[in-house]
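K.L.:
Fold the following for me, if possible:
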Amino acid sequence: MKNLILAMMVFFASQITIVFDNFVELAGTHPIIVDGRTLVDDGIFHMLGFRIERQENSTTLTSIGGQQIVLIVDSDTLLSGGVVVPLDVPAQMIDGRKMMPLRAIFESAGYRVVWREESVAVYIFSVR
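P.N.:
As a prediction, the model looks like this:
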């Protein structure tokens, strides 16, 4: 039953569009929805210039601006520039991929994130 539910989540989430600064659609990101939150693998962060350091159970992302964000699989917090930030949904392993909460990471790095239900899209904006 769990596999059926996960398959339904992945099918629904494959319809999500992720747009950066209103003009770049980030293809190939394969987002999924878990408990109402969008999770993505580290490919999206790589595309946007983040430096990525992977360990078995953790990932450290460093934004272009130098903000360092550390996530540990199944932890209900992340560490952003030395500050503990609570997560609604933790980073987790799904089908062999480390999936991470999109909104929490981008907002921790100083971006603005907007979910638009009518277009089934996540918009990520650089804050200038």
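K.L.:
Spatially central residue in the chain, please.
P.N.:
Among the residues of the chain, the one closest to the centroid is L102, at 2.3 Å (C-alpha atoms, centre = their mean).
K.L.:
dump the residue contacts of the closest residue to that one other than its chain neighbours.
P.N.:
Spatially, and ignoring its direct neighbours in sequence, L102 is nearest to T38 (4.6 Å; C-beta to C-beta, 6 or more residues apart in numbering). (Glycine included, C-beta is placed from N, CA and C.) Residues counted as contacts of T38 (C-beta atoms under 8 Å, 6 or more residues apart in numbering) are A13, I16, P31, I32, P101, L102, R103, W115, V122.
K.L.:
Quick check: the gap between T38 and I64.
P.N.:
21 Å (C-beta to C-beta, to the nearest Å).
K.L.:
Which parts of this protein are helices?
P.N.:
2-13, 43-47, 102-108 (DSSP state H).
K.L.:
for the shortest one, what is the average pLDDT?
P.N.:
Taken as a whole, helix 43-47 has an average pLDDT of 87.
K.L.:
One more: the first one?
P.N.:
The average of the pLDDT scores along helix 2-13 is 43.
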